[in-house]
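K.L.:
Prediction below, plus the sequence it came from.
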4 protein chains.
Amino acid sequence: MSGSTLGTLFTVTSFGESHGPAIGCVVDGCPPGLALCEADIQAELDRRKPGTSRHVTQRKEPDAVEILSGVFEGKTTGHPIGLLIRNTDQRSQDYSKISQTFRPGHADYTYWHKYGVRDYRGGGRSSARETAVRVAAGAIAKKWLRERFGIVIRGFMSELGEIKIPFKAWQHVSENAFFAPNDEIVPRLEAYMDEIRADRDSIGARIDVVASGVPVGWGEPVYDRLDADIAYAMMSINAVKGVEIGDGFGVVAQRGTVHGDELTPAGFLSNHAGGVLGGVSTGQDVRVSIAIKPTSSIPQDRRSIDLAGAPTDMMTTGRHDPCVGIRATPIAEAMLALVLIDHALRHRAQNADVQVTTPRIAGLAPDGHQEIPSPSA
Amino acid sequence: MSGSTLGTLFTVTSFGESHGPAIGCVVDGCPPGLALCEADIQAELDRRKPGTSRHVTQRKEPDAVEILSGVFEGKTTGHPIGLLIRNTDQRSQDYSKISQTFRPGHADYTYWHKYGVRDYRGGGRSSARETAVRVAAGAIAKKWLRERFGIVIRGFMSELGEIKIPFKAWQHVSENAFFAPNDEIVPRLEAYMDEIRADRDSIGARIDVVASGVPVGWGEPVYDRLDADIAYAMMSINAVKGVEIGDGFGVVAQRGTVHGDELTPAGFLSNHAGGVLGGVSTGQDVRVSIAIKPTSSIPQDRRSIDLAGAPTDMMTTGRHDPCVGIRATPIAEAMLALVLIDHALRHRAQNADVQVTTPRIAGLAPDGHQEIPSPSA
Amino acid sequence: MSGSTLGTLFTVTSFGESHGPAIGCVVDGCPPGLALCEADIQAELDRRKPGTSRHVTQRKEPDAVEILSGVFEGKTTGHPIGLLIRNTDQRSQDYSKISQTFRPGHADYTYWHKYGVRDYRGGGRSSARETAVRVAAGAIAKKWLRERFGIVIRGFMSELGEIKIPFKAWQHVSENAFFAPNDEIVPRLEAYMDEIRADRDSIGARIDVVASGVPVGWGEPVYDRLDADIAYAMMSINAVKGVEIGDGFGVVAQRGTVHGDELTPAGFLSNHAGGVLGGVSTGQDVRVSIAIKPTSSIPQDRRSIDLAGAPTDMMTTGRHDPCVGIRATPIAEAMLALVLIDHALRHRAQNADVQVTTPRIAGLAPDGHQEIPSPSA
Amino acid sequence: MSGSTLGTLFTVTSFGESHGPAIGCVVDGCPPGLALCEADIQAELDRRKPGTSRHVTQRKEPDAVEILSGVFEGKTTGHPIGLLIRNTDQRSQDYSKISQTFRPGHADYTYWHKYGVRDYRGGGRSSARETAVRVAAGAIAKKWLRERFGIVIRGFMSELGEIKIPFKAWQHVSENAFFAPNDEIVPRLEAYMDEIRADRDSIGARIDVVASGVPVGWGEPVYDRLDADIAYAMMSINAVKGVEIGDGFGVVAQRGTVHGDELTPAGFLSNHAGGVLGGVSTGQDVRVSIAIKPTSSIPQDRRSIDLAGAPTDMMTTGRHDPCVGIRATPIAEAMLALVLIDHALRHRAQNADVQVTTPRIAGLAPDGHQEIPSPSA
């Protein structure tokens, strides 16, 4: 299957470069009858779009989405949904240097050897701009999951560089530029980013995403496990270098008596598994955590080579996020939504007729409350 | 595509339960002309097989593989290779309890709700026994990658529970039951495992895998990135809860000036990226690290519920690995090999005609030596 | 996707050569809870197996199938079903000539140039023996379609060489070696085949297949149309050179006033479309017709070239069907079943929530009777 | 995989309805370095576009294509190529009747039951307008096949209703509105169409397509045979009801001594197989023939039912082709090109290293001339 297509039944086929006329995608396999308009998608795009604070790139892209097909009289028809976002802020600049040199930490060297041709304007196809398409497609998935199953998918920043961000409350996430679930820590995050920028440097981040309300039974047992597909989807986001499900790398030093989530009629007593057992959802919160590397584009001289293999220095100027993790939360939420809707459809394809009388236990914490998502171990 | 099929062009389609007559797979898309016999595959299976030390399950399975097709006169024909491994040590036992109860940390509860039917003999389809199939298929991939490109894929245990295992030398890996790249630490690992077993408990582990010699240019830019497919493949292994590429979660607190691997005519000066940039291989070592949870089957009473939803206690007896991570190294190597061969074929499908004169820089360390694989940050 | 895998959700991955140890397949995606045993599959295999009359090959293959996985306590579990058929009647023979020459009408020349290696014992992978696997997998599909939806899939021979076989009654099909729906014509068919054999020649045939009871709504609108997938599945059968849906090539000279099937509350007034409109099933009988070429293996000298490109003569001896179409009916039925079950699952994946109050009209003939399947135009 | 995506490695993902804002597609997997501009694609679109003669629909659509991505400095980059065609001639009309009624011979009834919602403006997703997208994508495939392998793909009308059109010369095809390879017959075709229109009726047609210069070795042996994928691709075109390869249904009454194409050092002595043996190309011309049904939209009263299931009459007015086959030739060529490029890439993915010394014999006719494509039997 094409490397630009994501999913098995609910698919997203993406196209576009950062400095070409447009980016967009085709979303296929969407169930019919979902109420959908451009504003539904725009709301998610606006959460990700650049230029909204001094901590992110100052590129001005309205990211206005146009629905080209697949929606009629305000409802999805079951046919492919074409989405188009025109690029508007493509500053002319002098590419003579960049076109001959490979930027360290970028895809320049690898693309050049792979394709023998490279769109050197901005990142071309490797630009994080492509993630707007994921957010747009994910908005459709999110809406269907919420309306059909009551699933809520939410993410937040749990670490910014050396700073760990304790989870305080969901409502804070939308109240600051960092998607931090903690209002008190925001001034510290702002000062930290100002320092990074003053140093002409960049920094990494950790993002957590949680899906609540996922029914038991989604996923596959062997290869296309729910967690395997999540790992794939998350690692496909630009700059992601690590993925954890549930306790993630914390399991290395865990004992089985600690890790195995016990079951009671009132619910699971813990959620170390992160909502997936044997590749299949348990009904508990699906908990995912990702590591995002520091932006490779930094305004400092870096050692590199040119197309002839000769040594050179390379400074990346232009408008770049000093921490790409800051805008990554909506993207990670979108990827989780896209995996979940795909497995929702796959599950009922095979198992629509299954009936068991065993009660479904909720993903409850021991005290009966909705479990509190927390940064993984 | 079927959830039991892995890969796009070089595919593995797996079948079999731990207590059925056999497990096996169909390997399709293998290039023709590869010298292949059962001994080639058996050698890898023997590295993974149970019963080889007191630290692993005592189930006695010879895991003898039979090639059913796709090989003629000692060479692959390009047609699907059917592989069959008969199960031989299926002890009869009393399943009356287990058939009515969900073992904590297992797929029992999730499979039951998904399918409405469950093969309760051992793990059924969720058994780690299925991984023998991956190792068998991976042996073919490894052989082709080595013979065609000189690629070497090697793994080792880098952490066992709380014990970090410093990398000393590759040759040690095959000299102990743990796949530890360090002979001095082995007595400590043995004592640690004896303690875990005495506690009737289990423990997690971390495994690192390194592929050396991968040419620059394999992978895809957006969804089917080389690292995304690796994350998928690794997370699909039973008990894996986390995947890292290169520095992994270490990037969260890294600065861009540290992370971005600089290029020189003599090679990259570092490999924080883990051999993948923009989803495409750089020519450096591909470095992957995975977290493996402690075995869920432990001989202690655990709280659970039965099929009617009533509370019960559940003790898992039988022959189980106290640390599934101990036998995981050959599996992780196999998965990496399977992803790499698939991308080798995908790459040349699209880009066979590409020619660039830019010299390929090797994945060299600054002193000109082959870089030393190290446990990720 | 692998060239040996058929289907999107209900998949069949096939392996095996005519003269290797075994053939078989992995059937994945089967809904759980279907009662299934080897006898269910064997019954279909026995309809196809060789040696049952003087008009087919005298190779003696019991085609005994073994279920290796995916069935527990007599029911499918939802996991992959491994099927194995050992080859038993592989006569040793002198291959020195055949191994150096390309048999006309066979895949020898094309395989050789494609793979650079060839399994010259019998047809290797190109042998019609592979179709046993399709029949085995199709038996599972057929059973589920019948039990879940009441769908009946039946085929028959409609032409043998120059002889057109008028449809008389379904019950005759199982009463003769030709799958002819007409008992009176059987002596003529037998005499015709005896003449062909006496001429040391072979002959083509036309097979019709009909699926009754397919609900309205299965299929996809653009590429994976129900009829497109049927065409693919049928053309993938060895020796098939043409596929028709409904009136097939008869539409070329039809007028729109004749072709367009009118709708009434009592049902469609005709079925020129063959049960598919816009790629989606109408609820009428799905009618398919295929053309099967004469067997290429004939005991006469034919002009050919050898591996060095030099001219030579080639006579194919051995045990061959003088009309491969004679045993093709169960294969064509199986392929139709495999396409239908795949689309049944795909349809409910996307559209399980759809509810319309419009009455479904049956696929009725004008007089209110079940329509009579007839050879296509 | 998504029902709107065609192909395995070279993929086309289509979107759009006849009366929405636009149609388009994403072409992924194209080899990099191919010179490509909008004019290359427009030339093929202009061959198919409506309104060019009195014998086709008078809808005025310039079908102007915009390349949105994947091309940089006049060459393909290897990244997905987004293609966009705005709909411009969407006449407002009264849909009150059509929205409540199912047009006979159309997808209305099947879509309605499948999706529970229907875009009743024109054909919506079932409109033949979608085929513009195929032609656009096919133009890219054709160009690469021609430049890389010298492959020429050409089609023509071989039958219009009852009129058989003898093949005379390729150059005539572009000189008349029917794609008839015979200038003398054109007046008769025109008179015939005038008569059909005067009768307020429509008529079917047969189209032949031939690919010359296809190397030996493309295809797969079992399911994804070259001919199976061609059958799928052709049957996925609106209104196609039959597909033949080589002699097609003519093989039913053929003897093996006639059908099997003999080999000589100077080439094959005939091409009954149509350039495919065992699912793999022979190096001869690939010959395909398709049957296209008469247009369902005819300006006469037809019996139908409404959404409530009540009987009604339905006359389709508007601008429709009286013979959709007239504009089908470029579409069929495009589909053949798309299948061939996909198999070109698949072939070299697996078999790039294969080397045989056996000479390749050309697809020559007995007299040493390039074989003359002829309407199939």
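P.N.:
Happy to help now that I have it. Residues are numbered from 1 along each chain as shown, chains lettered A, B, ... in the order given.
K.L.:
where do the strands sit along the stretch 151-300 of chain A?
P.N.:
Secondary structure of the stretch 151-300 of chain A (DSSP state E, counting those that start in this stretch): strands at A:152-160, A:163-164, A:205-212, A:240-245, A:263-264, A:267-268, A:276-277, A:280-281, A:286-292.
K.L.:
partner strands of the fifth one, parallel or antiparallel?
P.N.:
Strand A:263-264 pairs in its sheet with strand A:267-268 (antiparallel), by DSSP bridges.
K.L.:
what does the longest one give?
P.N.:
The partner list of strand A:152-160 in its sheet, established with DSSP bridges, is strand A:163-164 (antiparallel), strand A:205-212 (antiparallel).
K.L.:
Quick one: distance of it to the chain centre.
P.N.:
10 Å (CA atoms, centre = their mean, to the nearest Å).
K.L.:
residue contacts, A:Ala22?
P.N.:
A:16, A:84-87, D:68-69, D:82 (CB atoms under 8 Å, 6 or more residues apart in numbering or on different chains). In this view, the C-beta of every residue, glycine as well, is placed from N, C-alpha and C.
K.L.:
Please report how far it lies from A:His79.
P.N.:
21 Å (CB to CB, to the nearest Å).
K.L.:
Point out the residues in the stretch 151-300 of chain A that sit beside chain C.
P.N.:
Within reach of chain C by CB under 8 Å from any CB of the partner chain, the stretch 151-300 of chain A has these residues: A:Pro221.
K.L.:
the helices in the stretch 151-300 of chain A, which residues?
P.N.:
In the stretch 151-300 of chain A, the helices defined using DSSP state H, counting those that start in this stretch lie at A:186-198, A:226-235, A:256-259.
K.L.:
Pull out the buried positions in the shortest one.
P.N.:
Buried residues in helix A:256-259, defined by neighbour count with 16 or more other CB atoms under 10 Å in any protein chain shown: A:256, A:258-259.
K.L.:
same deal with the longest one?
P.N.:
Judged by neighbour count (16+ other CB under 10 Å), helix A:186-198 contains these buried residues: A:186, A:189-190, A:192-193, A:196-197.
K.L.:
Reformat those residues as a markdown table; add distance to chain B and pLDDT.
P.N.:
A markdown table is the format used below for the buried residues of helix A:186-198 (distance: CB to the nearest CB, whole Å; pLDDT from 0 to 100):
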| residue | distance to chain B | pLDDT |
| --- | --- | --- |
| A:Val186 | 18 | 97 |
| A:Leu189 | 14 | 97 |
| A:Glu190 | 18 | 96 |
| A:Tyr192 | 11 | 97 |
| A:Met193 | 12 | 96 |
| A:Ile196 | 7 | 95 |
| A:Arg197 | 11 | 94 |
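K.L.:
Name the residue of chain A that lies nearest to chain C.
P.N.:
Closest residue of chain A to chain C, CB to the nearest CB: A:Ala349 (3.6 Å).
K.L.:
ok, so what distance separates that residue from chain D?
P.N.:
Look at A:Ala349 and chain D: by CB to the nearest CB, to the nearest Å, they are 13 Å apart.
K.L.:
a strand runs through that residue, doesn't it?
P.N.:
No. In this structure, A:Ala349 is helix, not part of a strand, as judged by DSSP: H, G, I helix; E, B strand; the rest coil.
K.L.:
How confident was the prediction at A:Asp63?
P.N.:
You'll see A:Asp63 listed with a pLDDT of 89.
K.L.:
Quick check: it touching A:Ile85?
P.N.:
Yes. Proximity of A:Asp63 to A:Ile85 meets the contact threshold set by CB atoms under 8 Å, at 5.6 Å.
K.L.:
from the chain's centre, how far out does stretch A:52-71 sit?
P.N.:
16 Å.
K.L.:
Show me which residues of that stretch are buried.
P.N.:
A:55-57, A:59, A:61, A:63, A:65, A:67-71.
K.L.:
mind checking pLDDT for A:Tyr109?
P.N.:
Reported pLDDT for A:Tyr109: 95.
K.L.:
try A:Ser18
P.N.:
89.
K.L.:
re the thing from before, so for the buried residues of stretch A:52-71, which is the shakiest by pLDDT?
P.N.:
Among the buried residues of stretch A:52-71, A:Arg59 has the lowest pLDDT, at 74.
K.L.:
Assign that one to helix, strand or coil.
P.N.:
Going by three-state DSSP: A:Arg59 is coil.
K.L.:
Pretty sure it sits against A:Gly51.
P.N.:
Yes. With contact defined as CB under 8 Å, A:Arg59 counts as touching A:Gly51 (6.3 Å).
K.L.:
Next, see if the strand or helix carrying A:Leu345 gets close to chain B.
P.N.:
Here A:Leu345 sits within helix A:329-351, counting by DSSP states H and E. Yes. Looking at helix A:329-351 against chain B by CB under 8 Å from any CB, the contacts come from A:346-347, A:351.
K.L.:
Could you export these as a markdown table, including neighbour count and distance to D:Ala273?
P.N.:
Shown next, in a markdown table, are the residues of helix A:329-351 next to chain B (neighbours: other CB atoms under 10 Å in any protein chain shown; distance: CB to CB, whole Å):
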| residue | neighbour count | distance to D:Ala273 |
| --- | --- | --- |
| A:Arg346 | 25 | 39 |
| A:His347 | 21 | 44 |
| A:Asn351 | 20 | 44 |
